[in-house]
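Colleague: Got a sequence here, can you build the structure:
(2 chains)
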Amino acid sequence: MVNDEVVLLDTYVSMFGMRVRIALAEKGIPFEYREENLRNKSPLLLEMNPVYKKIPVLIHNGKPICESLIIVQYIDVVWKDRPLLPSDPYQRAQARFWADYVDKIFFAGRKLWTMKGEEKESGKKELIEYLQVLEGELGNKPYFGGEIFGFVDVAFVPYYCWFYAYETCGNFSIEQYCPKLIAWGKRCMERESVSNSLADPHKIYEFVQLMKKRSKQDPITELEHRKKVVSDHFNGQVCTIAMLLVVSLWPLFTLPLWEVMRLIFVGRH
Amino acid sequence: MAEELKLFRTWSSPYSLRVVHALKIKGLEYETIFEDLSSKSASLLQYNPVNKKVPVLVHNGKAICESLVILEYIDETWKQCPLLPRDPYEKAKARFWAKFGDEKLSSSIWNVLISQGKEQEEAIAAAVQNLKLIEEQLQEKKFFGGEKIGYLDIAFGWTANLISILEEIIDLKLVDEEKLPLLSAWMQNFSDDPVIKQCWPPRDKLVVKFQAMRESNLKTVLSQ
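Modeller: Coordinates of the predicted model:
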């Protein structure tokens, strides 16, 4: 494998990309890391992953492999030292099952900054449930792989650097619900392959804030949303004057004064 | 040692059918337990407590869940009639396309079933585009696996069965012999295979089931 050319198209914050970085590091495989700008994707990325146009993509001697867990399994077979998957078929099936399960966290976690109100709360509840199931699976083992850091650990540990963003957006502590997962995360971080591959949790949080800002609802829509919530509550009955006042006065706290004046005198348009 | 193999499935689940196909191709004897998903058995909940879904393969008391995971387990445990390619890169490609089938392709097909009018036209265009991508993987071979049925044929098997049922329900052609000749031929070859042929669920029951799904989803959309 002396003349292998290994290129990884990735982004710093991607938990999927981190999986591949960890696997390559565990196996001691030298590679070229290329940071992609997902708002301006490189021609190479579009050529190597025309179906999804997503990272990570591993390019091995010019041939692309896509989808993070598929890439990790590819790496595990091609570079046989320090295996990540167990050799027993049943243990392998268990590892694949749990690695797939881990990605439920991605969809639940996103709701903490893309949703508001009830939907956000339900996202938080789901996230905690999935984490608790994973904590149950970990049990008292040092790693999901047992005594040895393995495939499921590689699949899950990148989320550990996203925990700070989840906790801050959701206003809760993961350690309170899943102390064993936090201990496991710290244990994994003692491995160089993990500590060198995971992003800084504060940078992840900054990234999330940036995403939130880009998709934030404008304050006028927020007012419309609140009016609807109030009128739904009263089942289409005419709102009480008290409720109307609360709703009307809300912009005073969120909009600059000139916007409030414009709303009152000119209306939405 | 006598192998004990049990498969928890439903009569119609295309994911369960994958496991049936794999077991039959490998020539394995197994017991079938049909589940009613509106009233799941204690055994199913015991063997798949996390997702509570079918299919579940139980081999000598140990449960394996998720159809694609089960396919790989079967292939690694019983070496006759290999399903996955040996070459790591080809294996990675097969896994990629199986995942594509389960995610992008199946949701685009589902959208065709549950829509109508202009929305359905757009859904059909998206589905056909995804089907074209699948067809490109065939590359003049008889099966995705080459001369014989393999992992990706089994993973895509649901298209060979359910697309014609969908076409009957919506009265529109999705896999046109002219526009998708290779895929059309593959569906025929796959369906005609003697092992696969004996496993199809009753067609008339499937038509009724999917017709009902379409109607209930259209009603939900209209009432929103």
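
Colleague: what comes up buried for stretch A:125-145?
Modeller: Judged by neighbour count using 16 or more other C-beta atoms under 10 Å in any protein chain shown, the buried positions of stretch A:125-145 are A:126-128, A:130-131, A:133-135, A:137-138, A:143-145. C-betas here are computed from N, CA, C, even on glycine.

Colleague: What mean pLDDT does it get?
Modeller: The average pLDDT for stretch A:125-145 rounds to 97.

Colleague: residue ranges of the helices in the stretch 101-250 of chain A, please?
Modeller: In the stretch 101-250 of chain A, the helices defined using DSSP state H, counting those that start in this stretch lie at A:104-114, A:117-138, A:151-156, A:163-170, A:174-177, A:179-189, A:192-195, A:201-215, A:219-233, A:241-254.

Colleague: mind listing what's buried in the third one?
Modeller: Neighbour counts over helix A:151-156 (16+ other C-beta under 10 Å) mark A:151-156 as buried.

Colleague: Touching the strand or helix carrying B:Ala185 from outside, list them.
Modeller: Per DSSP states H and E: B:Ala185 is located in helix B:181-192. By C-beta atoms under 8 Å, 6 or more residues apart in numbering or on different chains, the residues outside helix B:181-192 that reach it are B:131, B:134-135, B:138, B:140, B:142-144, B:149, B:153, B:157, B:159-161, B:163-164, B:175-177, B:196-197, B:200.

Colleague: do that again at 7 Å, thanks
Modeller: For helix B:181-192, the external contacting residues (C-beta atoms under 7 Å, 6 or more residues apart in numbering or on different chains) are B:131, B:134-135, B:138, B:142-143, B:149, B:153, B:157, B:159-160, B:175, B:177, B:196-197.

Colleague: These in helices, which ones?
Modeller: If you go by DSSP state H, the contacts of helix B:181-192 have B:131, B:134-135, B:138, B:153, B:157, B:159-160, B:196-197 in helices.

Colleague: Quick check: nearest residue in space to the most centrally placed residue in chain B, chain neighbours excluded?
Modeller: Nearest to the geometric centre of chain B sits B:Trp158, at 3.3 Å (C-alpha atoms, centre = their mean). Spatial nearest neighbour of B:Trp158, chain neighbours left out: B:Pro14 (3.5 Å); criterion: C-beta to C-beta, 6 or more residues apart in numbering or on different chains.

Colleague: That neighbour - how many residues pack around it?
Modeller: Neighbour count for B:Pro14, taken as other C-beta atoms under 10 Å in any protein chain shown: 17.

Colleague: With the one 4 residues further on instead?
Modeller: Other residues near B:Arg18 come to 24 when the count uses other C-beta under 10 Å.

Colleague: Over to it: give its phi and psi.
Modeller: The phi and psi values for B:Arg18, taken as degrees, to the nearest 10, are phi -60, psi -40.

Colleague: One more: the one 10 residues further on?
Modeller: Dihedral pair for B:Leu28: phi -100, psi 140, per degrees, to the nearest 10.

Colleague: from memory it sits against B:Asp75, does it?
Modeller: No. Using C-beta atoms under 7 Å as the test, B:Leu28 is too far from B:Asp75 to be in contact (11.7 Å).

Colleague: the more surrounded of the two?
Modeller: B:Asp75 (19 against 16).

Colleague: If you count neighbours, what's buried in the helix holding B:Ala185?
Modeller: In helix B:181-192, counting by 16+ other C-beta under 10 Å, buried: B:182-184, B:186-187, B:190.

Colleague: With stretch B:99-107 instead?
Modeller: B:99-102, B:104-106.

Colleague: so of those residues, which ones are in helices?
Modeller: Judged by DSSP H, the buried residues of stretch B:99-107 include B:99-100, B:106 as members of helices.

Colleague: near chain A, which of the residues you listed show up?
Modeller: Intersecting those with the surroundings of chain A, defined as C-beta under 7 Å from any C-beta of the partner chain, gives B:99-100.

Colleague: Mind picking the lowest-pLDDT entry from the ones in helices among the buried residues of stretch B:99-107?
Modeller: Within these, B:Ser106 has the lowest pLDDT, namely 94.

Colleague: what residues are up against that residue?
Modeller: If you count contacts by C-beta under 7 Å, 6+ apart, B:Ser106 has none.

Colleague: repeat that for 10 Å
Modeller: Under the criterion of C-beta atoms under 10 Å, 6 or more residues apart in numbering or on different chains, the neighbours of B:Ser106 are B:14, B:100, B:127, B:130, B:158-159, B:162.

Colleague: Can you report phi and psi for the residue nearest to B:Pro88 when sequence neighbours are not counted?
Modeller: Sequence neighbours aside, A:Val77 is the residue nearest to B:Pro88 in space, at 4.5 Å (criterion: C-beta to C-beta, 6+ apart). Dihedral pair for A:Val77: phi -80, psi -40, per degrees, to the nearest 10.

Colleague: can I assume A:Val77 is in contact with A:Pro83?
Modeller: Yes. Taking C-beta atoms under 10 Å as the definition, A:Val77 is a contact partner of A:Pro83 at 9.2 Å.

Colleague: B:Ile149: neighbouring residues, count only.
Modeller: Burial of B:Ile149 is recorded as 23 neighbouring residues (other C-beta under 10 Å).

Colleague: And it, how close does it get to chain A?
Modeller: Here B:Ile149 is placed at a distance of 21 Å from chain A (C-beta to the nearest C-beta, to the nearest Å).

Colleague: For B:Leu131, see how far away that residue is.
Modeller: Applying C-beta to C-beta, to the nearest Å, the value for B:Ile149 to B:Leu131 is 19 Å.

Colleague: now the strands: where do they sit in chain B?
Modeller: Applying DSSP state E to chain B gives strands spanning B:5-9, B:31-34, B:56-59, B:62-65.

Colleague: which one of these is the most hemmed in?
Modeller: By mean neighbour count, with neighbours taken as mean count of other C-beta atoms under 10 Å in any protein chain shown, strand B:56-59 ranks first of the strands of chain B at a mean of 24.

Colleague: TSV for the buried residues of helix A:151-156, including distance to chain B?
Modeller: What follows is the buried residues of helix A:151-156, written out as TSV (distance: C-beta to the nearest C-beta, whole Å):
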residue	distance to chain B
A:Phe151	12
A:Val152	13
A:Asp153	18
A:Val154	16
A:Ala155	13
A:Phe156	15
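
Colleague: Excluding covalently adjacent residues, which one is nearest to the residue of the stretch 101-250 of chain A found nearest chain B?
Modeller: Using C-beta to the nearest C-beta, the single residue of the stretch 101-250 of chain A nearest to chain B is A:Val133, 6.3 Å away. Using C-beta to C-beta, 6+ apart and skipping the chain neighbours, the partner closest in space to A:Val133 is B:Val50 (6.3 Å).
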